[in-house]
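Engineer: Here is my input; please provide its structure:
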Amino acid sequence: MAASALTREARLGSYEIVRMFGAPREEVFAAWVTPGRLARWFGPRFTAAPVERIVLDARRGGAWQVTLTAEEGFEVTFDGAYREVS
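Structural biologist: Presented below is the predicted three-dimensional model:
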């Protein structure tokens with residue numbers, strides 16, 4: 001079973017996502033930094049994250065961007081920068 005927590009520091013505009021998975025650390029890391037894997041689970045079930053719309057430069061200072069799509073032309077893009085990768 002996975003346990004989750006989400007915290008946000010408003011003045012810095014940063015988020016921290018913490019989740020415990022019953023899987024090897026390497027597999028969980030790969031799910032966050034490999035576009036094909038991220039596309040399988042990122043976003044609500046009614047959306048898709050097309051691999052060609054995912055950018056993951058998983059290094060300190062690197063950028064990430066994921067565009068979710070859905071029916072009737074729905075589209076939303078999330079982006080940010082990696083502050084720490086470990």
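
Engineer: Just read off the phi/psi values of the residue of the chain positioned farthest from its centre.
Structural biologist: Here the chain reaches farthest from its C-alpha mean at E72, the gap being 23.5 Å by Cα atoms, centre = their mean. Taking degrees, to the nearest 10, you get phi 60, psi 30 for the backbone angles of E72.

Engineer: what's the spacing between W64 and E71?
Structural biologist: 25 Å (Cβ to Cβ, to the nearest Å). In short, each C-beta sits where N, CA and C put it, glycine included.

Engineer: When those two are compared, which one has more neighbours?
Structural biologist: Higher neighbour count among W64 and E71: W64, with 17 against 8, using other Cβ atoms under 10 Å.

Engineer: for the one helix or strand that one maps to, the distance to its chain's centre please.
Structural biologist: Assigned by DSSP states H and E, W64 falls within strand 63-69. Here the centre of strand 63-69 is set off from its chain's centre by 8 Å, with Cα atoms, centre = their mean, to the nearest Å.
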